[in-house]
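In: the sequence isn't on hand, but the structure is:
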């Protein structure tokens, strides 16, 4: 706690603790949406098994979803593309749109990273760098 890095780490731990409390409250009152409950349980299970790449994939799936992300110019011609209407249709994840959800998901990701650092028994090919 005396060094700059120690102070920064203590601040991060406190922020993580504050940000994850709403998730615990939602779990306790059983108000967490079932799809989020399933994904978070999947992430925890993968972390316990030491499969951090799969846990990271589950986190990304929960955070941003599987929607198509158009990059750059989407309409380059005068004719409409056949798959254009499907971009961002029903597969968008609105999880990161809510400030509360963004905060507790960030804390879950920090806990996953911490767990990965502490698990020295796991093969490096199963870790996210």
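Out: Sure, I can see it. These numbers were taken from a predicted model, which means no experiment stands behind them.

In: got the buried residues for the top helix by length along the chain?
Out: For the chain, the longest helix by residue count, based on DSSP state H, is helix 4-28. Within helix 4-28, the residues scored as buried using 16 or more other Cβ atoms under 10 Å are 16, 19-20, 23, 26. From N, CA and C alone the C-beta is placed, and that goes for glycine too.

In: which residues are contacting that helix?
Out: 1, 32, 37, 40, 100, 103-104, 106-108, 110-111 (Cβ atoms under 8 Å, 6 or more residues apart in numbering).

In: which SSE is the residue positioned nearest the centre of the chain in?
Out: Taking Cα atoms, centre = their mean as the criterion, residue 59 is the residue nearest the geometric centre of the chain, at 3.6 Å. Assigning secondary structure by DSSP states H and E places residue 59 in helix 52-63.

In: what packs against that helix?
Out: On a contact count with 3 or more Cβ pairs under 8 Å, 6 or more residues apart in numbering; DSSP states H and E, helix 52-63 meets helix 34-49, helix 99-118.

In: can you give me the mean pLDDT across the first one?
Out: Per-residue pLDDT values across helix 34-49 average out to 93.

In: how far is it from where the chain is centred?
Out: The gap between where helix 34-49 is centred and where its chain is centred comes out at 11 Å by Cα atoms, centre = their mean, to the nearest Å.

In: that one vs helix 4-28, what angle?
Out: 130 degrees (axes from the mean of the first three to the mean of the last three Cα atoms, to 10 degrees).

In: in JSON lines: the buried residues of helix 4-28, plus pLDDT and distance to residue 123.
Out: Output for the buried residues of helix 4-28, formatted as JSON lines (pLDDT from 0 to 100; distance: Cβ to Cβ, whole Å):
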{"residue": "16", "pLDDT": "94", "distance to residue 123": "27"}
{"residue": "19", "pLDDT": "94", "distance to residue 123": "30"}
{"residue": "20", "pLDDT": "94", "distance to residue 123": "28"}
{"residue": "23", "pLDDT": "93", "distance to residue 123": "30"}
{"residue": "26", "pLDDT": "93", "distance to residue 123": "34"}
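
In: flag the shaky bits of this protein, pLDDT-wise.
Out: 1, 68-96 (pLDDT under 70).
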